[in-house]
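**Student:** structure, please.
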Amino acid sequence: MSRDRHAPRARAARGPVAVPAALLALSHPALIVTAAVAAVGLVCSASFRIIDGDFWQHLTVGKAIWQLHAVPRVHLWTWPGYGTPEVLPSWGFAALLWPFWSAGGVVGLFVWRWWTTLAAFGLAWAAARRMGARGLTPLVWIVICSLVYRQRSLVRPETLAAVLLALEIWILEVRRARALASGSDASGRGGDPAPWLILVAWVWANAHISYFLGFVPIAAHVIDDLRAGRPAAAQWLALVGVAALAASFANPFGGQALWQPFDYMIRLRHDPLFQGIGELRPVRWTAHLRDATFVPLVGWPLLLAWRARRFGLDRVEALLCLFFTAYAVSSQRFLGAHAVVAASYAARDLDAWVATRRWPAWTARPAVRAALAVVAIVAAGFPEWSRADRPLAVAIDMKRFPVAACDFMGAHGVAGRGFAQTDVGGYQLWRFWPDRSRLPWMDIHQTGTPEDRSDYAAVFSRRSGWAEITRRVTFDYVVLARFQLPGDSLRDVLDADPAWAPVFLDDAGSLVRRDGPLRAVADSFGYHVLGAGPERMQALAAAWEADSVLRVRARAELEREAAGSPLNAGAERGLGLLALAERRYADARAHLRRALALEPDAPHSHEALGMVALWDRQPLEALREFELERAVSGPRPGLELRMGLACQGAGDPAGARRHFERELEIDPGNARVRMLIEALQAPGR
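**Tutor:** The predicted model follows:
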């Protein structure tokens, strides 16, 4: 392959307008300003509320390492497996993360997110520059890649792995650039950066099970050296790779830690529990139509093909593009790694493509080019940074974690053999470790026997799952997230079982007790009318219409729930529905408004407010609320019908008919809607 593969021919083909040579220097003001804006963009990409609860267990592991002054070799995080031998492949990440939390709390976690994001993409930019990308376009592309990386920028060990991957690519491209510049097959001389790959591999093997990804770029460069007629360089790099692999064994768990990713690929990925984890599934194309996910996935191969046609194929880039694109498409978890690699190579390609375009004369000034790049960065990033469901913030979304439920556990002596979802179990572990009597049943790594994992998956996938697991395991209490995914019926199953009673309820979690060792807690605090699941609430709302005594009992329990936790949108919504049933419209509005203030995107709240307005003969207000409900939860049976009734009340028969017809499209068998349409078509209407 020719030595001019990286840049020279592209620079010669800029067209009628040449970019001043000063733009090639890192010290040029235009480049400094653009880089600063790009850095702000990278920080924005990593600045949204932390919603993933895995970090609670990582913090617990980090705290344990610092307190014990050793890496635990046995399982300390759940009660079924307590004390059994365990491999902690991410112990290095946890140990590094703990000082950030210890020093800065929530801000410390975001400092971790910021520095890892800036380091990963800063190194990607440095690698692109080593390959000849000296313009401003690479900074725009890197910010675009950070928008994909954003969904993986949570406080997880893969953030450290991203930095190591980018560092490795930069080291290898520095090495390749020197070889191309010298035209020599010599290697291993003073100044050769390849030996640093050994240190990178060692750190990676102690930080995350994705360590094997680090050997992919090494293999690609060995192949490139061989094909380019540099056998000595290929041999030297292969020896470095072998040394890097040997260094990877220098971890507290030896070969067991290195075997884990292969154990997953061979065995564990067929486990029903792992098959149900969304991020391990292939990319869902329809789920990413409005974000930047497909820009690197599609754009990189296109730019690679263009560059190959114009300047010749870059074998390293082709091999990495093939591997990382296939890996990212097959598992959403690797979209972040793909974005980091694409940030280096596609940035170089895009810069070369832009350099061959004809530009108007007014774009020749560096300041103008910098302004265009800044506008492009902001325009590309703003839709993602301003997302309503992921707004810019430096905070943890504590509404997702059972804070008050754990307070209740601590205050009332709730302990024993508990069952908890992994979504809330990480926080429970964080709150109570090292108290062995309050550890969860399963942790974020889905540790346990194959039977444990199979039973856990069954609990949340079929109604009979709970009966199956309790035939072999006895639980004293259950901690559940209140949010229920499709197919999950555990809350409803427990509500229907007289042996269980909810003793604490709020928006983040529910706590139920069995009629056993904790019977006194159930007798003192058990709810008798309310339940943990939606089926009980729906049945209750239908029953209290004609039962004033039930309404009194329900109101007392809803008020108790609302007073028991600041996360009480569900209780306020229930009180609003109860007030609506009693025609207390002002009270209904007040409760529902409070519910929406706590949980703006909660389904059914705007719909309930619309019903309040409709019954209170305020059809235009009702229509506005129904439209807000449709924006939140999408079209569903019944909503268009109510909007049609609101239009009728407002004297808009055409609008009423339009909504009724939409209702029929959603629910073709709705006889009531057909009657309403026929009434609108009657003579004189």
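**Student:** and the gap between the closest residue to residue 84 other than its chain neighbours and residue 485?
**Tutor:** Spatial nearest neighbour of residue 84, chain neighbours left out: residue 75 (4.9 Å); criterion: C-beta to C-beta, 6 or more residues apart in numbering. Placement of C-beta: from N, CA and C, glycine included. Distance of residue 75 to residue 485, given as C-beta to C-beta, to the nearest Å: 27 Å.
**Student:** those two: which is more packed in?
**Tutor:** More crowded of residue 75 and residue 485, by other C-beta atoms under 10 Å: residue 75, with 21 against 11.
**Student:** need phi/psi at the more buried one.
**Tutor:** As for residue 75, its main-chain torsions (degrees, to the nearest 10) stand at phi -80, psi 130.
**Student:** my guess is it contacts residue 86. True?
**Tutor:** Yes - the pair residue 75 / residue 86 is scored as a contact, 4.1 Å apart, by C-beta atoms under 8 Å.
**Student:** give me the common contacts of these two.
**Tutor:** residue 447 (C-beta atoms under 8 Å, 6 or more residues apart in numbering).
**Student:** ok, which stretches of this protein are strands?
**Tutor:** Ranges of strands in the chain, per DSSP state E, are 418-420, 477-481, 500-505, 509-514.
**Student:** and the last one, how far out from the chain's middle?
**Tutor:** Computed by C-alpha atoms, centre = their mean, to the nearest Å, the separation of strand 509-514 from the middle of its chain amounts to 27 Å.
**Student:** okay, residue 500: pLDDT?
**Tutor:** The model reports residue 500 with a pLDDT of 89.
**Student:** for residue 411, see how far away it is.
**Tutor:** 20 Å.
**Student:** give me the more crowded residue out of the two.
**Tutor:** Shown here are residue 500 and residue 411; by other C-beta under 10 Å, residue 500 has more neighbours (22 against 8).
**Student:** residues touching the more buried one, list them.
**Tutor:** 478, 494, 512, 513, 514, 515.
**Student:** chain neighbours aside, what residue packs nearest to the second one?
**Tutor:** The reference is to residue 494. residue 500 (4.6 Å).
**Student:** quick one: pLDDT of the closest residue to residue 292 other than its chain neighbours?
**Tutor:** With C-beta to C-beta, 6+ apart as the criterion, residue 292 has its nearest non-adjacent residue at 4.0 Å, and that residue is residue 147. Note on residue 147: pLDDT of 95.
**Student:** repeat that for residue 9.
**Tutor:** Residue 9 is given a pLDDT of 39.
**Student:** can you tell me how far residue 643 sits from residue 613?
**Tutor:** Residue 643 is 12 Å from residue 613, by C-beta to C-beta.
**Student:** neighbour-wise, which of the two wins?
**Tutor:** The neighbour comparison of residue 643 against residue 613 (other C-beta under 10 Å) goes to residue 643, with 27 against 23.
**Student:** if I pick the more buried one, what's in contact with it?
**Tutor:** Here residue 643 is in contact with 623, 626, 627, 630, 659 (C-beta under 8 Å, 6+ apart).
**Student:** tally of neighbours for the residue lying closest to the first one once chain neighbours are set aside?
**Tutor:** Excluding the flanking residues, the one nearest residue 623 by C-beta to C-beta, 6+ apart is residue 646, at 4.1 Å. Residue crowding around residue 646 was assessed by other C-beta under 10 Å; the count is 27.
**Student:** next, count neighbours for residue 460.
**Tutor:** 18.
**Student:** per-residue pLDDT, the closest residue to it other than its chain neighbours?
**Tutor:** Spatial nearest neighbour of residue 460, excluding adjacent residues (C-beta to C-beta, 6+ apart): residue 488 at 4.7 Å. pLDDT for residue 488: 82.
**Student:** please work out how many residues are found near residue 488.
**Tutor:** Around residue 488 there are 20 residues (other C-beta under 10 Å).
**Student:** and it, backbone torsions?
**Tutor:** Residue torsions, per degrees, to the nearest 10, at residue 488 are phi -90, psi 120.
**Student:** from residue 461, how far off is it?
**Tutor:** Remark: distance between residue 488 and residue 461 (C-beta to C-beta) = 8 Å.
**Student:** for residue 479, give me its contacts.
**Tutor:** So residue 479 contacts 402, 405, 409, 418-421, 424-425, 428, 440, 509-511 (C-beta under 8 Å, 6+ apart).
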